[in-house]
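Trainee: sequence first, then the predicted structure:
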Amino acid sequence: MDERTIAHYQRQAYTLAARYESAGMEQHHHRLLALTRPGMRVLDVGCGSGRDVAFLRAKGIDALGIDAAPSMVEAAQAQHPESAPHFYVGVLPELDVPFGPFDLVLATAVLMHVPSQGIFNAALRLREQVRPGGQLLVSIPLGRRGDPVEHRDVDGRLFHPYSAVEIQVLFERLGFVLRQKTEDVDGLGRGVAWCTLVFVREAGDRPVREIEALIWRDLKVATYKFALLRALCEIAQTHPKASTWRPDGSVDVPLGLVVALWMRYYWPFMESTSFVPQSTGEAGGRPLKFRRSLTALAAACRPLGGLTSFHLMIRGAGLRPDLSHMAWSAAKDVAEAVVKGPVAHAREGEMFRYEKGGRKMPACFSEAGLLGAYGTIVVPGAIWRELTLLGHWIGESLLLRWAEKTRELSGREISVGSALELLLLRPDPRRETADAKALFVEVDDLRCVWSGRRLDAATLEVDHVIPWSAWHNNDLWNLMPSHGVLNRAKTDCLVSLDVLRRRRDPIVGIWELHRSRYPARFAQEARQALHPAYGPGSLDLAWSGLLEAVETTAVQRGLQRWVP
């Protein structure tokens, strides 16, 4: 949970507990009785004043409660002394709960206090506490929001604006089946509606458990497992056509693409003004295999514009000879670290394996050359499916765990927040959108791709077909000219399928414009994200790939649809 939110409940525990006890909860308690019977075991996560635990125990149900604020636990014990031994301190997502798993787990008014980077991990922890065939009840507020930037109320509490559909999809992807969905008024008359979702956990585990086991197994050495899984999540989400399905159901992922992502992930650590260890050996004078070569490359690129310029150069014409030599040296070291580190260690569970291959490395270092320079990582099909469905959640969870591991490796000298800042650094997207805008203004009769309205320098803005917030993707096929008013109205929404189909010709026209200026880059990006067989005469393949990318993103992320 969010630390500032916990601090508020810690300060105001007794006042809040008294307020919660006065709430009208008849409808909620009626629902709880319908879900339980005497002798069942129930866990209330975020139990607050202990109201629901005390109610259930009075009905012969073996209920216990946990809360993140120690003072709130004390207040619950004071409010309900007959149930005092059954209240504990526990914080999502860690949740070290005794006596589990349970027949029913309650998470009432809890998940909106969990930051987005921790929500997947929190969902996994809740899942662990529900026995196969057991039930999970989740409630989230509808309409209660904090400020639009940090999503905090006047007391500093986090109210992340998760939608009901978003939470439903998250738990369904983790093996739960939705059985009930209701909306209730607020028991304290605050003018807020609450959506309550009741799930049943399917018997049997999904492959996501194997992913979680890999994350938690042998984390003492380095951050390599986080980097590998983060890269695979990103490829599954935003470069799905770069992978290839085998007849046996497994998937080939180009090692070169993983290497490219690792170079981006670790680049900020190499550039940091303070030393940021990424393995236990670094404290003893044994640096990462690629620290020296990647640090040298980052230093050489710094006068040219750093990571952003490196990213743009390798996606375009490639690097000049001296930088190419340094980049290939760093890439070789990174590839060796990937293969001999997390890929080899994951063989214990037969999760991944490496197969040699690849073309001869060209002299000029580019993303296209890197993509084909090495062999492949073979991923089981069931694991790849989970990464495809849940990659955005798993990826955000990995960032938090990676940051926590970095703090541990530094002897707590580097905070989780500082580590997250480094992990979140990306090439500046404004450079690429600025280049696209410069290309668009050269068009004599430029039209908004969504409305057909004529654009000039004052009204032109660059829009992402798939929002930047969802994919972090500045591929050329994703950048479109839009009227500023419409672009701001669309914000983080996806255009409706009908609109997308109606605007096919204008979209393809912009693709042809991009392709005329940057033919090699457009082709590579289209092959990785839209269709592996894309070629100059196969825009239909790219179009079908765009429809697939938009619709799968809509289903998996629960994004709103927009009609201009």
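Mentor: Yep, it's here.

Trainee: just the strands from the stretch 1-150 of the chain, written as ranges.
Mentor: Along the stretch 1-150 of the chain, the segments classed as strands by DSSP state E, counting those that start in this stretch run 41-45, 62-67, 87-89, 102-108, 130-142.

Trainee: how about the residue in the chain that sits furthest from its center?
Mentor: Most distant from the centre of the chain: Glu82, at 42.4 Å, with distances by C-alpha atoms, centre = their mean.

Trainee: wait, what's in contact with that one?
Mentor: When contacts are counted by C-beta atoms under 8 Å, 6 or more residues apart in numbering, Glu82 is found next to Ala54, Arg57. Heads up, the C-betas are built off the backbone N, CA and C, glycines and all.

Trainee: quick one: the strands of the stretch 1-150 of the chain as CSV, columns for mean pLDDT and mean neighbour count too.
Mentor: Output for the strands of the stretch 1-150 of the chain, formatted as CSV (pLDDT from 0 to 100; neighbours: other C-beta atoms under 10 Å):
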stretch, mean pLDDT, mean neighbour count
strand 41-45, 95, 25
strand 62-67, 94, 25
strand 87-89, 91, 18
strand 102-108, 95, 23
strand 130-142, 92, 20
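
Trainee: of all the ones you listed, which one comes closest to Leu124?
Mentor: Comparing those against Leu124 with C-beta to C-beta, the closest turns out to be strand 130-142 (11.1 Å).

Trainee: residues in contact with the closest residue to Met40 other than its chain neighbours?
Mentor: Computed as C-beta to C-beta, 6 or more residues apart in numbering, the closest residue to Met40 that is not its neighbour in sequence is Asp103, at 4.4 Å. Asp103 makes contacts with Thr36, Met40, Arg41, Val42, Arg131, Gly134, Gln135, as judged by C-beta under 8 Å, 6+ apart.

Trainee: hang on, isn't the third one packed against Phe102?
Mentor: This points to Arg41. Yes. Assessed by C-beta atoms under 8 Å, Arg41 is found in contact with Phe102 at 4.8 Å.

Trainee: so which of the strands of the stretch 1-150 of the chain gets nearest Gln168?
Mentor: Checked against C-beta to C-beta, the stretch from the strands of the stretch 1-150 of the chain lying closest is strand 130-142, at 9.0 Å.

Trainee: parallel or antiparallel, list what pairs with that closest one.
Mentor: Under the criterion DSSP bridges, strand 130-142 sits next to strand 102-108 (parallel), strand 193-201 (antiparallel) in its sheet.

Trainee: those into a markdown table, with extra columns for distance to His483?
Mentor: Below are the strands paired with strand 130-142 laid out as a markdown table (distance: least, C-beta to C-beta, whole Å):
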| stretch | distance to His483 |
| --- | --- |
| strand 102-108 | 43 |
| strand 193-201 | 35 |
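
Trainee: show me the shaky parts of the stretch 251-400 of the chain.
Mentor: Within the stretch 251-400 of the chain, the set of residues satisfying pLDDT under 70 comprises 347-350.

Trainee: show me where it has its strands.
Mentor: Counting by DSSP E, counting those that start in this stretch, the stretch 251-400 of the chain has strands at residues 251-254, 353-355, 376-379.

Trainee: what comes up buried for the shortest one?
Mentor: Looking back up the chat, that one is strand 353-355. Taking 16 or more other C-beta atoms under 10 Å as the basis for neighbour counts, the residues of strand 353-355 that come out buried are Arg353, Tyr354.
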